[in-house]
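> sequence first, then the predicted structure:
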There are 4 protein chains.
Amino acid sequence: MTIKRPLNEEIIATHNAKHSAAIDADYAALAAKLARVGINIDAVKAKVASFAVAIPSWGTATGGTRFGRFPIPGEPTNVQERLTDCAVVQQLCRVTPGVSTHFPWDNTSDPAAMREEAESLGLYFDAVNSNTFQDQPGQAETYKFGSLSAAAKASREQAIAHNIDCIEIGKKLGSKALTVWVGDGTNFPGQQSFRDSFDRYLDSSAAIYAALPSDWLMLIEHKFFEPAFYSTVIADWGVNLMAANALGAKARCLVDLGHHAPNVNVEQIVSMLDRVGKLGGFHFNDSKYGDDDLDAGAINPHRLFLIFNELVEAELRAPKEFAPAYMIDESHNLTDPAESLLSAAEAIVCAYARALLVDRVALKAHRESNDVLMAFKTLRAAYNIDVSPLVAKARVDAGGAADPVAALRESGWRKAKAAERKSEVNKAAGII
Amino acid sequence: MTIKRPLNEEIIATHNAKHSAAIDADYAALAAKLARVGINIDAVKAKVASFAVAIPSWGTATGGTRFGRFPIPGEPTNVQERLTDCAVVQQLCRVTPGVSTHFPWDNTSDPAAMREEAESLGLYFDAVNSNTFQDQPGQAETYKFGSLSAAAKASREQAIAHNIDCIEIGKKLGSKALTVWVGDGTNFPGQQSFRDSFDRYLDSSAAIYAALPSDWLMLIEHKFFEPAFYSTVIADWGVNLMAANALGAKARCLVDLGHHAPNVNVEQIVSMLDRVGKLGGFHFNDSKYGDDDLDAGAINPHRLFLIFNELVEAELRAPKEFAPAYMIDESHNLTDPAESLLSAAEAIVCAYARALLVDRVALKAHRESNDVLMAFKTLRAAYNIDVSPLVAKARVDAGGAADPVAALRESGWRKAKAAERKSEVNKAAGII
Amino acid sequence: MTIKRPLNEEIIATHNAKHSAAIDADYAALAAKLARVGINIDAVKAKVASFAVAIPSWGTATGGTRFGRFPIPGEPTNVQERLTDCAVVQQLCRVTPGVSTHFPWDNTSDPAAMREEAESLGLYFDAVNSNTFQDQPGQAETYKFGSLSAAAKASREQAIAHNIDCIEIGKKLGSKALTVWVGDGTNFPGQQSFRDSFDRYLDSSAAIYAALPSDWLMLIEHKFFEPAFYSTVIADWGVNLMAANALGAKARCLVDLGHHAPNVNVEQIVSMLDRVGKLGGFHFNDSKYGDDDLDAGAINPHRLFLIFNELVEAELRAPKEFAPAYMIDESHNLTDPAESLLSAAEAIVCAYARALLVDRVALKAHRESNDVLMAFKTLRAAYNIDVSPLVAKARVDAGGAADPVAALRESGWRKAKAAERKSEVNKAAGII
Amino acid sequence: MTIKRPLNEEIIATHNAKHSAAIDADYAALAAKLARVGINIDAVKAKVASFAVAIPSWGTATGGTRFGRFPIPGEPTNVQERLTDCAVVQQLCRVTPGVSTHFPWDNTSDPAAMREEAESLGLYFDAVNSNTFQDQPGQAETYKFGSLSAAAKASREQAIAHNIDCIEIGKKLGSKALTVWVGDGTNFPGQQSFRDSFDRYLDSSAAIYAALPSDWLMLIEHKFFEPAFYSTVIADWGVNLMAANALGAKARCLVDLGHHAPNVNVEQIVSMLDRVGKLGGFHFNDSKYGDDDLDAGAINPHRLFLIFNELVEAELRAPKEFAPAYMIDESHNLTDPAESLLSAAEAIVCAYARALLVDRVALKAHRESNDVLMAFKTLRAAYNIDVSPLVAKARVDAGGAADPVAALRESGWRKAKAAERKSEVNKAAGII
């Protein structure tokens, strides 16, 4: 199939021509620097070129908070437009070929056609996401008091059925995983029995798990708080692992970087989950306070690096088995979503590139001899390297843009879409 | 003016008759216990009877999160119905005579009539709240990048004008304070200059302050995060105080219990603000994680007590000057808002009652002699007292219900309203 | 064996005589109040009378911080004196018959004699605690870089041997559990492999577990941070459970209230651990910031109640199996340790008493019908009850003091000991 | 005066010779890269060369926690040896010429001679630190219940006198500032009146302030918690500023990076304090949980950069007035203190260098036009630059080592000192 990418390739070519000399010079300087410590930059570039992180379809539109939402002209208003924007992002950065769907938001009467359309845009469908944290118009039962863990059997059954529907659509889209996040929890001490809620969650999840094709994974997402503010049913990685163990081999734990208590060492959790074969994947974003859903690496790029340091170690340990699902999960409240996705994808792949540059032989030796400072400095040396030219080179080699955000602006994409796409009639005004 | 209270008084009388023997017995037992340590329960009851905390008009309807909202049948759908529900709450608990309005949500073409209506319901209007954290349909300028602190002059001017409008309406409603909370802040490091944003905030606020009647206060509210997730312009009480000092004597700091960093000692902040005459008032609610807006005292009733302990000390120091504005500011996502308001009002007044029972002579002596344990135990002794009969007696004496939530249910109010009031056509589905 | 209690019984009798009328009056009033809702106060008192929480021997002396320690005259200076002070506390409050030892601090050449001495004081030995977080004079290997998880095999072997020594002493003392807390962790990213450290921890722990008598438990304690400040090997309940599952049925998880990330819902963790039969016990204390080791219930008495609410539910579910190890684990930096222990024991038993008063039939019904507010209010109703007279009555019935701290002061115990006991030559000046 | 530096200069020269080619190559590549965006690398290097951060004398010895301390052979055991180690650090890195003293730890009978010794080592004395958070042997009054804020007048007077003594010694040492941190606070609700404690603190501080020479500053340090665990007298920057304003123009606020509540935006505080002319200086370190006192930049190098971004902006605004006191304040528990100081100094100066590279013209334009993403990317572009060659070049130019930690190891300094210096007889065993 010929891929029909949304942006005019000449615009990208012109853009790249302007930057090629600088990238080549920086790449050569970095190559020389790395060569001094025995690293072949081209080998690293090849690894970087094989990296992929999925985009959530809903991430292409402006997000918001309970206090309000501020949409921009030209943002996508339906699943086709969301797919197109995903293709734009992928065309420019070349590390986001996968699209993660969310139902009922991405409902389609013809999944096969949607799959074909995606493939024609150079995209494939990654994990399917169910939605049982809000009530849809016409829905028979409410999720106000929970979904998979609700005390009311009818609510649980409706939530189970919806998840199985998601699997069915996902099969037609070519997806291989179902991501389950529930907003279930409580706002008052005493509101529910922690134990009974969790038992009900497990029972419901087992029914979904039973409907999972043999080559699918079920990715369970935990979250510390919000929308429930006293307790959440799957509050942390401990409960998440308890659930994944109870369900079976196809159930894995998904780590969202913003779903943890303050100060928690997320890279250690990554390591612990990988150790027991239960690291299912990631929702990348960044946060300073709660589940802020900011652009990946915007607040704490060092943490992102430390997580990739664990991931690179995990891959080295078991290169064949290691296949976590990576997705960007951000709420783009103030920026053009496509620009933020490009910026985040860059931050993520740069973190991966830095982690690839860690001298693991030296690190191991320092750890064994308790040379604490040198172990730290070994990691830090890799973090300090400016990998931008390496990543840019890999991207341009693959057909992407030297500076994706700049190229997008040069293309005039959003302005053109603002003229074409149906603007939102009502600005969402927040629901406090 | 004759007060026309919404609920049939006979229902309350019948309800109270059922509970009077128990309340009297418990009150007598408590009176005896307090008498042993020299406390006259009737004097405490009189103080309790004079306590008041305002209800925000918007608190009478179901709140929500960015993930969704789950309204209930019969909840108020306009400002008149919100006022009526406030009157129901006040009729039952008798400590919530004030109503705090929020504009444009409570817009009215005839403020004088609205004031008359409120008075006829036994209510008065407390502080007026402006809203510059979301864009209203038809609004000329956006608040997406800030309001009072926005880089764009036009956004600032629009926000100033709106606040002055609020003062104008408030004057007609009989309000005596303007509460200003802005969602202004940033989501990215570098997005704005902290200093320039704050300077612009101060300039804008000075323009509002200039429009304030001489007997009004301007209550400034700080908030740690949300909807801005990297920084907020008025992030903590330190910046708040800086602003209040810059603006003048009528500017005071408002403390919302959920707007602080984790683990912060809020009662100490209360003490520090009172020390410099800048404690303007409170937004009562409770939280476990962020600005959870849960029912006051639901998560940490002891903290609520410690705050009232400071407030009682402050009042004793300067009984004439001490007049902070008290308001309940909760998001009722899962409960009937009227029931939650009744429950919260009870928690608040009970915390106040307990604080009144602290043996302050003993406390002072233990503090001076560094008898740490006895100082603590003096406070704890008051906290441990079950003040329910005292508070119930005060409430019944004032015409309220022995058990307000039970009485409300017995009255059938919500069911009746569900039949009368226009149901919401669209359930809000969240805006993530 | 006749028990020789340290304090003159007449002092206690005289003290109690002063308070008996007030206690009786309050008890009668509470009995009447509870009777109205169908609760027999004497049955509750019997449950309360059977409650026990152990005292750590080291808790009888003044604690400190890295910035300094401020000892008091008359505090115990050796294990015999620590035992005596434990006996004083138990004599007064009658809920602390167990003593938890810590080695090498409580080393003795004759464990059998020590056990006899304890029994003569009305005490028994609870869990034994090992110490591999500091280096002892003359110790061959250092724990600077870890103990059970150290990269250095010799350090691990020394730590294993020490734990086995603790078991051996414990057997002679009549203990039935070994509590293992290690300070192992890192201060720098990269310092150690999370996974390798945990694997080594598990290997070492398995060697200790193998030495455990069949009727003993191994209680594993997790801690979020301190003394390690980037990561700790057993950081949270998730890793703790992973370890306990790997070791076997006799390994259980111990919950210290101060060892969690900010805002974590500890009562939910209690429920989850109990669900899988791995709730080993508690270290009771309180905290506002980190592992502050403050007096139990001093900062957040409501949280303590919510935890006991889970414990009471757990006991009701499996009354025969439920036997968690309860211990007070506080650092008494500013108060007389004996007084703080009495105050904490009171707070703990009161939390238990309140939890016993929850109307569990109503709670269950409200949970099943999603009556959120009433479920909450059912819990809150029990929390609001002043159980002091109930607990005092149980204590006095058992031979304890009406007001333990007051009675201790009246006895002149500490002053007498200040004259007898060898004062510390050097005040510890902190080690920053 | 000829400077007698501790290490053999030839060792450094030999070391540098090995690295010069690599540094030159990397420097040239960076120069080219910066030239493309109009930055002259030599001008930046000159700014970097003028940077200085003081070392605390106590930071040259192994720190510890309440759980223990693990000293290393050869660490300094008295003030002379501490000075020598400071000189070693400065010899290698050339950005740490100042030494901050702490009394009574650095007591000397002959301050003039000590000053001469320091100058002969190429050092000068920075701020003097008082110590009223622990009791010294023979001290008349205790600080157990506070020092400057104590209820006991005698304790306050002793603390005031000690601070004035520090000023007197400081004058002879050539210092120009007194840093005041007190451990004062409480462990129990009710223990003290927040207001009275603060009033006493202010009174005491005013007495110290009065003794301050006209060209000195008084740097006030706030701290969120520890050693007090319920409240601290100077808990946050708000109280700190309140105190500094009350005392006068010479009183300034000192920011320690680890002394804040979780998630607090420290760079914003820096900006706010600078705005009102009260930013006195910094204690640099890093933390993940509490006041972890880890090596600066070890945990969150991006935060360090954001702080320097504010500092560079502040300097640009008022280049003449801007003169904050910079000090490293870390607890080196696991590493050789000299190595950690070198590593931290490098991290700090690199953060400064990156902040110098921010394109401030572009940043300002993006902020004014609300181009959120580009404002962020402008900052991030500077952060991503590997400034190591720039900083190394500046260091070598000034006589320092290409790789300071490596050079220190090559010199054999610590081993030589281990043979010379009196080892500590007692390992501190922790004081829990």
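Everything's here; your move.
> what sits against residue A:102?
A:56, A:57, A:58, A:128, A:129, A:130, A:131 (CB atoms under 8 Å, 6 or more residues apart in numbering or on different chains). From N, CA and C alone the C-beta is placed, and that goes for glycine too.
> if we go to 6 Å?
A:58, A:129 (CB atoms under 6 Å, 6 or more residues apart in numbering or on different chains).
> need the pLDDT of it.
Note on residue A:102: pLDDT of 96.
> for it, give its distance to residue A:134.
Counting by CB to CB, to the nearest Å, the gap between residue A:102 and residue A:134 amounts to 11 Å.
> next: residue A:47.
For residue A:47 relative to residue A:134 (CB to CB), the value is 40 Å.
> which of these two has more residues huddled nearby?
residue A:134 (24 against 14; other CB atoms under 10 Å in any protein chain shown).
> if you drop the residues flanking it in sequence, what lies closest to the more buried one?
Nearest non-adjacent residue to residue A:134, counting by CB to CB, 6 or more residues apart in numbering or on different chains: residue B:68, 3.3 Å away.
> and the one you found, bridged to which residues?
residue B:65 (DSSP bridges).
> count the residues that sit near it.
For residue B:68, using other CB under 10 Å, the count is 24.
> now residue A:180
So residue A:180, with other CB under 10 Å, has 27 neighbours.
> residue contacts, it?
A:130, A:220.
> now residue A:327: phi and psi?
phi -140, psi 150 (degrees, to the nearest 10).
> kindly report the same for residue A:40.
Dihedral angles for residue A:40 - degrees, to the nearest 10 - are phi -90, psi 110.
> kindly report the same for residue A:101.
The phi/psi pair for residue A:101 (degrees, to the nearest 10) is phi -100, psi 160.
> that one contacts residue A:57, correct?
Yes - the criterion here is CB atoms under 6 Å, and residue A:101 meets it with residue A:57 at 5.4 Å.
> more neighbours, the two?
residue A:101 (28 against 23).
> and the stretch 1-150 of chain A, which residues reach chain B?
A:63, A:64, A:65, A:66, A:67, A:68, A:69, A:70, A:133, A:134, A:135, A:144 (CB under 6 Å from any CB of the partner chain).
> contacting residues around stretch A:139-155?
Stretch A:139-155 is contacted by residues A:132, A:135, A:156, A:158-159, A:182, A:184, A:197, A:200-201, A:204, A:233, B:70, C:368, C:370 when judged by CB under 6 Å, 6+ apart.
> these, buried ones only, as a ChimeraX selection?
With 16 or more other CB atoms under 10 Å in any protein chain shown as the criterion, this ChimeraX line picks the buried residues out of the contacts of stretch A:139-155:
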select /A:132,135,156,158,159,182,184,197,200,201,204,233 /B:70 /C:370
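> the contacts of stretch A:139-155 in helices, which ones?
Among the contacts of stretch A:139-155, the members found in helices (DSSP state H) are A:156, A:158, A:159, A:197, A:200, A:201, A:204, C:368.
> ok, these vs chain D, which is closest?
residue A:197 (27.8 Å; CB to the nearest CB).
> OK, contacts around the closest one?
Contacts of residue A:197 (CB under 6 Å, 6+ apart): A:149, A:233.
> next up, the contacts around residue A:86.
A:55, A:99, A:123.
> now the last one: phi and psi?
Taking degrees, to the nearest 10, you get phi -120, psi 160 for the backbone angles of residue A:123.
> neighbours around it, how many?
The number of residues packed near residue A:123 is 23, by other CB under 10 Å.
> let's see the pLDDT reported for it.
Looking at residue A:123, the pLDDT reads 98.
> can you pull the contacts of it?
Per CB under 6 Å, 6+ apart, neighbours of residue A:123: A:86, A:87, A:97, A:99.
> skip the chain neighbours and tell me the closest residue to residue A:368.
Of all residues beyond its chain neighbours, the one nearest residue A:368 is residue C:151 (5.4 Å), with distances taken as CB to CB, 6+ apart.
> surely residue A:11 touches residue A:411?
Yes - because the distance of 4.9 Å satisfies CB under 6 Å, residue A:11 is recorded as touching residue A:411.
> okay, the two: which has more neighbours?
Counted by other CB under 10 Å, residue A:11 and residue A:411 do not tie: residue A:411 has more neighbours, with 20 against 16.
> mind listing what that one touches?
A:7, A:11.
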